[in-house]
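pasted the sequence and its predicted model underneath.
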Amino acid sequence: MDAQQKSRPAGKPDGSKPWTRDDFTAPGRPGQGLDADRVRSAAQGHWREILTNLGMDPTYLTNKHGPCPFCGGRDRWRWDDRDGNGSGICSQCGPGDGFHLAGKLLRLDPKADFGEILRRVADVLGVEPGRTRDPRPPRSAPRPEPRHDEPPSWMDDVPPPDACDAPGGEESRPGNESPRHDPATIWASCGPAPDDHPYLIKKGVQAHGLRLYRGGATIARTPLDGALVVPLCGLDGRLQTIQFITEAGAKLLLPGHPKKGAFFTIGEPTGTVCLSEGFATGASVHEATGHQTIVAIDAGNLRPV
């Protein structure tokens, strides 16, 4: 037993169950300093917001049988959110709680990468290492007014989850958008992305018409300055939503604008059309084959596209 393990108390200060390795993350690893129980407590009852902001299409977050966001099918999936723990069950993939689903969305292993999953969930909730209080106000409490000296967050003023359940969603009705939440306004304010962007260099692909966001806005406490902007359009050609890809590779969708059925096209028609999940994969396929490639963003959106 190492020194760190010896220094841990036999039980928690409130007299509840003893400390376990799941309550900590290793020094220098993702999620360092976060108490897993505290993050779980903060997440209770808020998994719809958490999963949506991590990239889950809200149409999958209902307690009705339907296609699985991860493996497809027709009626194998339902999101029961049992006891507010974010749980879902698929007859093909099996069951999992909110952390398990978050890991699958982020393409992380629920066990090996738990620290990173914990960190990403904590970022959405605003839980910081070392804090002893849940930073969220009670659900019935009014939302505090944003401070004007802080960078804008696109977590603010997001329409309620049920507004995204119907095709088009309430947020897409004319005259109902906030200008800084409107994908077309954001897209128009961005300049061309350079081919030497760190993410593009890391993936070994070109920009293919992406743009570059400059500004102080954040999503889930992730700064967006310098992020690539991927425009996602519907079959009608209208810009439906956008995805930000940071220099470090974090992928964030604009809250309040569902991605279901939206896609990004790379290249001109050649008689063969390729379909991919992420942008980097699609760009690699196009550059290797020369064929037009449709980017669906993730596996859950392949079938709608």
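That came through fine.

low-scoring stretches of the stretch 151-300 of the chain, by residue?
Counting by pLDDT under 70, the stretch 151-300 of the chain shows low-confidence ranges at 151-180.

er, the stretch 1-150 of the chain I mean
For the stretch 1-150 of the chain, the ranges with pLDDT under 70 are 1-32, 130-150.

what sits against the nearest residue to residue 104 once chain neighbours are set aside?
Excluding the flanking residues, the one nearest residue 104 by Cβ to Cβ, 6 or more residues apart in numbering is residue 70, at 5.6 Å. From N, CA and C alone the C-beta is placed, and that goes for glycine too. Listed by Cβ atoms under 8 Å, 6 or more residues apart in numbering, the contact set of residue 70 reads 90, 93, 104, 299-300.

if I've got this straight, residue 99 is in a strand?
No - going by DSSP: H, G, I helix; E, B strand; the rest coil, the assignment for residue 99 is helix, not a strand.

let me know the secondary structure of the nearest residue in space to it that is not next to it in sequence.
Among residues not flanking residue 99 along the chain, residue 117 sits closest, at 5.6 Å (Cβ to Cβ, 6+ apart). Using three-state DSSP, the structure places residue 117 in helix.

quick revisit: how near is the residue nearest to residue 104 to residue 236?
27 Å (Cβ to Cβ, to the nearest Å).

residue 193 now?
From residue 193 across to residue 236, the span is 25 Å (Cβ to Cβ).

now residue 75
Counting by Cβ to Cβ, the gap from residue 75 to residue 236 is 28 Å.

distance between stretch 291-302 and the chain's centre?
Put simply, stretch 291-302 sits 17 Å off its chain's centre (Cα atoms, centre = their mean, to the nearest Å).

what about residue 42, how many neighbours?
By the criterion of other Cβ atoms under 10 Å, residue 42 has 21 neighbours.

hang on, it in a helix?
Yes - counting by three-state DSSP, residue 42 is found in a helix.

surely it touches residue 123?
No - Residue 42 lies out of contact with residue 123 (Cβ atoms under 8 Å); the separation is 11.5 Å.

what residues are up against residue 192?
Contacts of residue 192 by Cβ under 8 Å, 6+ apart are 207, 211-212.

who's residue 251 bridged to?
On the basis of DSSP bridges, residue 251 is bridged to residue 245.

test my guess that it contacts residue 243.
Yes - Residue 251 lies in contact with residue 243 (Cβ under 8 Å); the separation is 6.0 Å.

alright, I will stop here.
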